[in-house]
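K.L.:
mind folding the following:
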Amino acid sequence: MGERCGWCGQDPLYVAYHDEEWGVPEYDGRALWEKLILDGFQAGLSWITILRKRPAFRAAFEGFDPNLIAGWGEDEVARLLNDPGIVRSRSKIEATIGNARAWQAIEAREGFSNFLWDRVGGKPIQNQPQTLADVPAQTELSQRISKDLKTAGFRFCGPVITYAFMQATGMVNDHLVTCPAHDRVAALG
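P.N.:
The predicted structure follows:
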């Protein structure tokens, strides 16, 4: 058995995230939206910071129900700006509300999951990275998906954030080939 991907280090929370979530194909539209939002909140921060705050985010954003959040306004923004458990960025909070509205439009039209998964042919891209240096920060595909999301009204979804999201949600399998999770995740695709 090989060693897991080195990016998760030894932190038990990060190791569990790597072993149980990262790269596992996610097809639920609401769950995909939550992960995209959290990746947007990560901008400028480390993922472990967001991971540690994820329970507080889920509480503050009432389970990340985009249909609920789409109706929020300044009162909810003010409440969130006073919540020490989350990243208190007005621009990211306001983007989340706008992203909920964009999600609703896509969900009504074609389904958010379909919108994303159609861009990878409905199944995960199976990469074969040997080292962390083989894993890109973005790809032409993440650039296209980012552009599509922005055209649909999303914010905080640049190509690097979008690629991290694609990795996290299993749209692309970037576990190192020496990692025990690589083949397990590949089998899910």
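
K.L.:
give me the contacts around stretch 58-78.
P.N.:
30, 33-34, 37, 57, 79-80, 83, 85-86, 90, 93-94, 96-97, 99-101, 103-104, 107 (CB atoms under 8 Å, 6 or more residues apart in numbering). Bear in mind the C-beta positions are built from the backbone N, C-alpha and C, glycine included.

K.L.:
mind doing that once more with 7 Å?
P.N.:
30, 33-34, 37, 80, 83, 85-86, 90, 93-94, 96-97, 100-101, 103-104 (CB atoms under 7 Å, 6 or more residues apart in numbering).

K.L.:
now stretch 35-42 - C-alpha only, CSV.
P.N.:
Provided in CSV are the C-alpha atoms of stretch 35-42 (Å, rounded to 0.1, in the frame of the first residue of the first chain):
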residue,chain,number,x,y,z
LYS,A,35,-18.6,22.7,-2.2
LEU,A,36,-18.2,25.4,-4.8
ILE,A,37,-19.2,28.0,-2.2
LEU,A,38,-16.7,26.7,0.3
ASP,A,39,-14.0,26.7,-2.3
GLY,A,40,-14.8,30.3,-3.1
PHE,A,41,-14.5,31.2,0.6
GLN,A,42,-11.1,29.5,0.6
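
K.L.:
pLDDT (mean, whole number) over it?
P.N.:
The average of the pLDDT scores along stretch 35-42 is 97.

K.L.:
ranges for the strands of the protein?
P.N.:
125-126, 172-173 (DSSP state E).

K.L.:
what helices or strands is the last one leaning on?
P.N.:
Read that as strand 172-173. With contacts taken as 3 or more CB pairs under 7 Å, 6 or more residues apart in numbering; DSSP states H and E, strand 172-173 sits against strand 125-126, helix 180-188.

K.L.:
got a markdown table for those, with mean pLDDT and distance to Leu141 too?
P.N.:
As requested, the helices and strands packed on strand 172-173 are exported to a markdown table (pLDDT from 0 to 100; distance: least, CB to CB, whole Å):
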| stretch | mean pLDDT | distance to Leu141 |
| --- | --- | --- |
| strand 125-126 | 97 | 8 |
| helix 180-188 | 94 | 18 |
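
K.L.:
take these and write them to TSV, including distance to Pro159 and mean neighbour count.
P.N.:
Below are these laid out as TSV (distance: least, CB to CB, whole Å; neighbours: other CB atoms under 10 Å):
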stretch	distance to Pro159	mean neighbour count
strand 125-126	15	14
helix 180-188	22	15
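
K.L.:
among those, which is nearest Thr49?
P.N.:
helix 180-188 (22.3 Å; CB to CB).

K.L.:
so how far is the closest one from its chain's centroid?
P.N.:
19 Å (CA atoms, centre = their mean, to the nearest Å).

K.L.:
do the same with stretch 35-52
P.N.:
A distance of 8 Å separates the centroid of the chain from that of stretch 35-52, by CA atoms, centre = their mean.
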